[in-house]
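Trainee: please work out how this folds:
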Amino acid sequence: MTLRRGVGFVLALIGLAAVVSVAALVVLYLAVGGGVGRGTRVPSAAALVLRPAGELQELAPDSVVGQFVDRGDDSLRSFVSALRRAKTDPRITSVVLLPGSLDSPYWGKLQELREAVLDFRRSGKPVTAFLEFGGDREYYLASAAEKVYLLPSSSLDLTGVANYEIFLRGVFDKIGAYPDFIHVGDYKTATNQLTETGMTPEHREMAEALTRDMFEQLLGGIADGRHKTVGQVRALVDDGPFLADAAVKAGLVDGVAYQDQLDDLVPVLQRDGEAVKWIEAEDYDPGGDGVRLRRRPRIAVLYAVGTIVSGRSGFDATDGDLIGSDSIVEDIRRIRDDRSIRGIVLRIDSPGGSSVASDVILRELMLTKERDPERPIVVSMSDLAASGGYYIALAGDEIFAQPGTLTGSIGIFTGKIVYGGTLGKVGVTAEPVLQGVNADIYSPLSRFTPAQREKVRVLLRDFYEEFLELTATARKKTRDEVHAVAQGRVWTGAQAKERGLVDQLGGLDAAIEAVKERVGVRPEETVETVIYPRRRTLYEALSDQFGRSSASASLLGVLGGGRGPARAIAAATAPGRLFRRGEPLALMPFAFVR
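Mentor: Take a look at the predicted model:
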C-alpha cells in the first residue's frame, strides 16, 4: 500500500509539472506576440514588407522555442517565396524593402535575395527600399529597388570589400603549444591560420583574387541598379562613406526620409489619399491554390547546411549547424524509397568538414543515381559549397552557384595541437606508456616523428588523388586539368563557372527549374517541393541545445560572441572540437568580411 501511494504521489507531481510547463509555454507564446500570426487578411491594395537582417538562414531556425511558438519565418526561402507569390497577387501593389544589419560574411544568399527582388520588379510592380543604415551589404541589396531612401541622420557606408583573416600561431607560441599540421595543396590555407603568423604568397594570391572578384560583383550590381557605369560606381566607392545628403547628390539614394514619411513620398504606397496597408512577409498568406484535380509533380529539396561531421546532425554554438552523415544518409534513403519523387535538388551551404563523412554522403547519393538514373540530382550552392561541401556536390548532374558562392577548395589536411609544453608551463607533467611504434602518432603530447609525418602525408595524398579523380569524372575533365584549379584553392561561383567547376549561375529556383526540365515538367507547371531534413522533435532540439553545444558555448563566451574575430577563432579551432582525433579534413579556411 505504501509503495502504491508513493507511486501515486510521484505521478501526481509529474502531472503538476506538466500542467505548469504547459501554462508557462502559453505565457511565453503570448509574451512574444503569438497572437499575431500567419493568415493576416490581405486587403485589395497592400504593400509587402521584407525585413531581412542578421545572418540570412536557409530555413526557419529549428530552435527549442520554435517548437512551441510560431514567430514567423524570416529565412531566405520565406523571403524568396513571398516575392514569387506576390509577383502574381493582384492585391500586392508593391514591396517595401527594409534591410536591417546583415551580418553574414558571405554573399551567396544575399545575391539570391537580390535576384528575387529584381524578378519581382519584372511584374511591373515597384520596390521601395529604406535604409536606417547603409553598409555595403545593405546597400547592395537595396540597390535592386526602384527607389532607395536613407534615414537623414544616417550615413551610406559604401567603402568596398575587406577580408580579415586570423592567425593563431603567436598565441600557441606564447602558451608553449605547437600546431603540428600537414596539408595537401599549396592553397589549402585552413592550416595556415594555426601554423603561420601571416599569409603565405599563395594564401595572399587567393585572398586577393576572391576579394577582387567580389568587389567587381558589388560594383556591377550597384551600377545596374543605379543606372551608372562600373567606373562611376568605383569612383564613388573610393570617395565613401557619404553623409545622407551627399549620397543623394551622388545619385546613390533617391532621398532622405524617416520611415513614417514613405507613404507621402511614394505614390504607390497610397490609395485614394490613404496609406495602403503594410503586410509583413511572415504574415503574408496569398490564399489557397484552389481545388486540384490532380497531384502536382513532387521534387525533393535536400538541405545540407553546416559543417560535415560523422554521426547525427546537430548544432554547435560556435560553428552552427552540423551535417551528420548518419542523419543525411537516412534522408537520402527516404527520398530514394519514395517513388513519387521525380527529382532531387541538393542545396548545399557548407564549408566541408570530415573527409570520411563527406565520402559516406557522396556514396549514398551516387547509389541513388545508379538505382534510378531517370531521377536527376541537381545541386544548388548557397553561400558555401567548398572542400567537403564541393565533394558531395559531385553527385550532381548539374551544379548551380551564385556568383559570390565560395566553392572549390579541393584539398585536405589533418594534424594536432601539441600542448605538452603548455602543461609544463603550469607544472603538469605526463609520461606515456606505449605499445606499438606509432601508438602516439596522434598524441597531443608529442610532435609527429619524420616517419609518422610521412605516413600521414601518404594517407592525405591518397585521398587528394581520389578527390581529383572523382572531380575529373563528374566534371568531364582530366586529372591534371582538375589539379590545376584544385590544390585547396577557393573560388567564387563566377570564377568556378569559368573553370568548369560549376555549370550555371543561379539560385535554388533555377535548380528546381532545371530538375523540371530534366523530368519533362512544363515550365509553367508548379511542383510540390518536399523538404528534407524533417523538423527536429522537442527532445532533439533540447539535446542539441544543452548537449553537444555546451562546451563550445563556453568557448564562444570566452571569445566574446559569435562575430568577427571570435567567429574566426572558433572556426580555426573546430578541428580539435568537432572531429575524430587525426581525422583527415576537407574543410575550407575562414575569413570574416566587413
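Trainee: who are the neighbours in contact with the nearest residue to Val117 once chain neighbours are set aside?
Mentor: Closest residue to Val117 apart from its sequence neighbours, by C-beta to C-beta, 6 or more residues apart in numbering: Ala144 at 4.2 Å. C-beta here means a position set from N, CA and C on the backbone, and glycine is covered the same way. Listed by C-beta atoms under 8 Å, 6 or more residues apart in numbering, the contact partners of Ala144 are Leu97, Arg114, Val117, Leu118, Arg121, Val127, Ala129, Gly221, Gly225.
Trainee: how about the residue nearest to the first one when sequence neighbours are not counted, phi and psi?
Mentor: To tie it back to what came earlier, the one meant is Leu97. Take Leu97 and drop its neighbours on the chain: the residue closest to it by C-beta to C-beta, 6+ apart is Ala129, 4.3 Å away. Listed backbone geometry of Ala129 is phi -110, psi 140, with angles given as degrees, to the nearest 10.
Trainee: just list whatever residues bridge to Ala129.
Mentor: Per DSSP bridges, the residues bridged to Ala129 are Leu97, Val148.
Trainee: and it, how far is that from Leu262?
Mentor: 10 Å (C-beta to C-beta, to the nearest Å).
Trainee: more neighbours: those two, which one.
Mentor: Ala129 (27 against 20; other C-beta atoms under 10 Å).
Trainee: who are the contact partners of the more buried one?
Mentor: Contacts of Ala129 (C-beta under 8 Å, 6+ apart): Val96, Leu97, Leu98, Pro99, Leu141, Ala142, Ser143, Ala144, Ala145, Lys147, Val148, Tyr149.
Trainee: may I ask which two of these are separated the most?
Mentor: Val96 and Ser143 (15.4 Å; C-beta to C-beta).
Trainee: re the thing from before, read off the pLDDT value for the residue nearest to Val117.
Mentor: Note for Ala144: predicted pLDDT of 98.
Trainee: what's the answer for Leu265, then?
Mentor: So Leu265 comes in at 89 (pLDDT).
Trainee: how close does it sit to Ala142?
Mentor: 15 Å.
Trainee: name the element Ala357 belongs to?
Mentor: helix 355-371 (DSSP states H and E).
Trainee: Gln232 too?
Mentor: Per DSSP H and E: helix 230-239 holds Gln232.
Trainee: other SSEs contacting the helix or strand that that helix is followed by?
Mentor: Using DSSP H and E, the helix or strand that follows helix 230-239 in sequence is strand 242-243. Counting contacts by 3 or more C-beta pairs under 8 Å, 6 or more residues apart in numbering; DSSP states H and E, strand 242-243 is packed against strand 155-156.
Trainee: touching the strand it packs on from outside, list them.
Mentor: Taking C-beta under 8 Å, 6+ apart as the rule, strand 155-156 contacts 131, 133-134, 139, 150, 240-244, 247, 252-253.
Trainee: in CSV: those, plus neighbour count and pLDDT.
Mentor: Shown next, in CSV, are the contacts of strand 155-156 (neighbours: other C-beta atoms under 10 Å; pLDDT from 0 to 100):
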residue, neighbour count, pLDDT
Leu131, 24, 96
Phe133, 15, 89
Gly134, 28, 90
Tyr139, 27, 96
Leu150, 28, 97
Gly240, 19, 88
Pro241, 15, 94
Phe242, 21, 96
Leu243, 15, 95
Ala244, 20, 95
Ala247, 26, 96
Leu252, 25, 97
Val253, 27, 97
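Trainee: can you tell me which of those residues is closest to Gly520?
Mentor: Distances from Gly520 to the contacts of strand 155-156, taken by C-beta to C-beta, are shortest for Tyr139, at 42.3 Å.
Trainee: mind checking the SS state of that closest one?
Mentor: Secondary structure, DSSP: H, G, I helix; E, B strand; the rest coil: Tyr139 is helix.
Trainee: can you name the helix or strand that the closest residue to it other than its chain neighbours falls in?
Mentor: Counting by C-beta to C-beta, 6+ apart, Tyr139 lies nearest to Leu158, which is 5.6 Å off, once chain neighbours are set aside. Using DSSP H and E, Leu158 sits in no helix or strand.
Trainee: from what I see, Leu158 and Ala142 are in contact.
Mentor: No: taking C-beta atoms under 8 Å as the definition, Leu158 is not a contact partner of Ala142, at 10.8 Å.
Trainee: secondary structure class of the residue nearest to the spatial centre of the chain, three-state.
Mentor: For the chain, the residue nearest the mean C-alpha position is Asp349 (4.5 Å; C-alpha atoms, centre = their mean). When classified by three-state DSSP, Asp349 comes out as strand.
Trainee: now do the contacts for it.
Mentor: 58, 108-109, 303-306, 381-385, 389.
Trainee: what do you get if the cut-off is 6 Å, keeping everything else the same?
Mentor: Glu58, Val305, Ser382, Asp383, Leu384 (C-beta atoms under 6 Å, 6 or more residues apart in numbering).
Trainee: can you say which helix or strand has the third one in it?
Mentor: Per DSSP H and E, Ser382 falls inside strand 377-386.
Trainee: relative to that strand, what are the paired strands and their orientations?
Mentor: When DSSP bridges is applied, strand 377-386 pairs with strand 341-350 (parallel), strand 398-401 (parallel), strand 406-408 (parallel).
Trainee: only C-alpha atoms, please: export the longest one in PDB.
Mentor: Extracted as PDB, the C-alpha positions of strand 341-350 are listed here (Å, rounded to 0.1, in the frame of the first residue of the first chain):
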ATOM      1  CA  ILE A 341       9.700  12.000 -56.000                       C
ATOM      2  CA  ARG A 342      10.600  12.900 -59.600                       C
ATOM      3  CA  GLY A 343      13.900  14.600 -59.000                       C
ATOM      4  CA  ILE A 344      16.200  15.900 -56.300                       C
ATOM      5  CA  VAL A 345      17.800  19.300 -55.600                       C
ATOM      6  CA  LEU A 346      20.700  19.100 -53.200                       C
ATOM      7  CA  ARG A 347      21.000  22.500 -51.500                       C
ATOM      8  CA  ILE A 348      24.500  22.900 -50.100                       C
ATOM      9  CA  ASP A 349      25.600  25.600 -47.600                       C
ATOM     10  CA  SER A 350      28.800  24.000 -46.100                       C
END
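Trainee: helix or strand for Ala223, which one?
Mentor: Using DSSP H and E, Ala223 falls in helix 201-226.
Trainee: which positions in that helix come out as buried?
Mentor: 202-203, 206-207, 210-211, 213-219, 221-223, 225-226 (16 or more other C-beta atoms under 10 Å).
Trainee: related to what we said a few turns ago, which other residues reach the strand holding Ser382?
Mentor: 106, 108-109, 344-352, 393, 395-401, 405-407, 409, 490, 508, 511, 514-515, 588.
Trainee: list the buried ones in that strand?
Mentor: Buried residues in strand 377-386 (16+ other C-beta under 10 Å): Ile377, Val378, Val379, Ser380, Met381, Ser382, Asp383, Leu384, Ala385, Ala386.
Trainee: OK, contacts around the nearest residue to Gln259 once chain neighbours are set aside?
Mentor: Excluding the flanking residues, the one nearest Gln259 by C-beta to C-beta, 6+ apart is Phe130, at 5.7 Å. Contacts for Phe130 (C-beta under 6 Å, 6+ apart) come out as Leu98, Tyr149, Gln259.
Trainee: hmm, try it at 7 Å
Mentor: Counting by C-beta atoms under 7 Å, 6 or more residues apart in numbering, Phe130 makes contact with Val96, Leu98, Tyr149, Gln259, Leu262.
Trainee: where does the stretch 401-550 of the chain dip in pLDDT?
Mentor: Residue ranges of the stretch 401-550 of the chain with pLDDT under 70: 535-550.
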